[in-house]
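[1] Just to be clear, the model below is a prediction. Sequence and coordinates:
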Amino acid sequence: MTKARPTLGINGLPLPILPPDRDARVWARMVRVVFYTPGFMALLLLKTGEPTAFGITVELLMLSSAAAIVAGLFIGTQSSDSVADHASKTGLWCGSLVLELLAVVPFLAAVPPLFHELAHSALLHAREPGTVDVALGFSELLPAVAVLPFMIYQLSGFGTLHYVVSKPVNWAINLGILGLIVGSYVSNRYGAYGVEKRFVGALVVAMAITVFYGVLKLKTMQTTYDAQVPPKPAK
């Protein structure tokens with residue numbers, strides 16, 4: 001069993017609440033999944049020469065795949081040895097933050113318009129004379145439901161962001177994610193691709209800023225914790 005972390009430092013002040021220890025092997029597997037899945041999907045769309053509506057979707061899929069590589073770099077630096085520095089001790093947490101916000105969020109934003117375009121693609125579905133198109137209706141929204149468990153993951157304290165920002169800020173960020181994803185999807189459905197790009201651009205910039213802040217905040221928290229943690233009692 002892991003020992004409980006001390007809550008008060010040698011200066012008598014509360015220590016930063018760091019994320020719990022996590023299995024780096026699980027996150028390393030996640031890196032492979034997130035790298036290959038969106039990357040291959042983007043390459044297939046480019047290969048088929050799909051219409052303009054796929055443009056921003058391909059970019060989101062490529063971002064998701066590339067961000068997984070960066071997350072893998074962070075996770076690869078994780079170390080819990082006695083000689084590990086502050087950065088190495090936070091490598092896994094920083095990598096998970098990159099995966100959550102710069103890999104999963106763009107992928108969730110890309111899936112709903114991707115399904116809509118695939119379902120209605122004139123290149124993938126050759127139309128014969130007398131063929132009647134069957135409207136999918138509300139079933140087209142089914143891929144978008146994946147964002148709901150992600151919101152639960154973030155707001156219920158499973159996400160790394162929960163340890164970086166306050167609860168109100170965490171709610172604001174995740175509601176902003178939901179609003180921007182919904183806005184980009186609606187814009188795509190109405191063919192307002194310029195508006196869709198603005199929504200997606202705002203989403204990606206917000207996630208990049210949050211990740212930048214989060215990585216630095218985690219390292220600062222670890223530095224403060226190591227400097228103020230009480231010494232272990234002699235055996």
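    Right, received. Where do you want to start?
[2] quick one, phi/psi of residue 92?
    Residue 92 adopts backbone torsions of phi -70, psi -40, taken as degrees, to the nearest 10.
[3] One more: residue 79?
    Phi and psi for residue 79, reported as degrees, to the nearest 10, are phi -150, psi 140.
[4] Wait, it touches residue 87, no?
    No. In this structure, residue 79 is not within contact of residue 87 by Cβ atoms under 8 Å, at 9.3 Å. Just so you know, the C-beta spots here come from the backbone N, C-alpha and C atoms, and that holds for glycine as well.
[5] Can you tell me how far residue 187 is from residue 107?
    According to Cβ to Cβ, to the nearest Å, residue 187 stands 18 Å off from residue 107.
[6] okay, those two: which has more neighbours?
    More crowded of residue 187 and residue 107, by other Cβ atoms under 10 Å: residue 107, with 23 against 20.
[7] where's the more buried one, which helix or strand?
    helix 105-119 (DSSP states H and E).
[8] Report the next helix or strand after that helix in sequence order.
    Next in sequence after helix 105-119, counting helices and strands by DSSP H and E, comes helix 147-155.
[9] Helix 147-155 and the helix or strand following that next one, what's the angle between them?
    Under the assignment DSSP H and E, the closest C-terminal helix or strand after helix 147-155 is helix 167-189. Relative orientation of helix 167-189 versus helix 147-155 (axes from the mean of the first three to the mean of the last three Cα atoms, to 10 degrees): 160 degrees.
[10] now the angle from the next helix-or-strand element following helix 167-189 to helix 167-189?
    Next along the chain after helix 167-189, taking DSSP H and E as the criterion, comes helix 193-228. Interaxial angle of helix 193-228 relative to helix 167-189 (the same axes, to 10 degrees): 160 degrees.
[11] helices and strands around helix 193-228, which ones?
    Judged by 3 or more Cβ pairs under 8 Å, 6 or more residues apart in numbering; DSSP states H and E, the packing partners of helix 193-228 are helix 55-76, helix 86-89, helix 91-98, helix 105-119, helix 167-189.
[12] Contact partners for the closest residue to residue 181 other than its chain neighbours?
    Nearest-residue entry for residue 181: residue 109, 4.8 Å, with adjacent residues in sequence omitted and distances by Cβ to Cβ, 6 or more residues apart in numbering. Applying Cβ atoms under 8 Å, 6 or more residues apart in numbering to residue 109 gives the contacts 60, 180, 181, 184, 185, 200, 203.
[13] Can you select the buried ones among those for me in PyMOL?
    Remark: buried members of the contacts of residue 109, expressed as a PyMOL selection using 16 or more other Cβ atoms under 10 Å:
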select buried, resi 60+180+181+184+185+200+203
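[14] Would you mind giving the contacts of residue 109 as JSON lines with pLDDT added?
    Output for the contacts of residue 109, formatted as JSON lines (pLDDT from 0 to 100):
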{"residue": "60", "pLDDT": "88"}
{"residue": "180", "pLDDT": "93"}
{"residue": "181", "pLDDT": "92"}
{"residue": "184", "pLDDT": "88"}
{"residue": "185", "pLDDT": "86"}
{"residue": "200", "pLDDT": "92"}
{"residue": "203", "pLDDT": "94"}
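[15] Turn the contacts of residue 109 into TSV, including distance to residue 218.
    Listed next are the contacts of residue 109 as TSV, based on distance: Cβ to Cβ, whole Å:
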residue	distance to residue 218
60	25
180	24
181	25
184	29
185	31
200	27
203	22
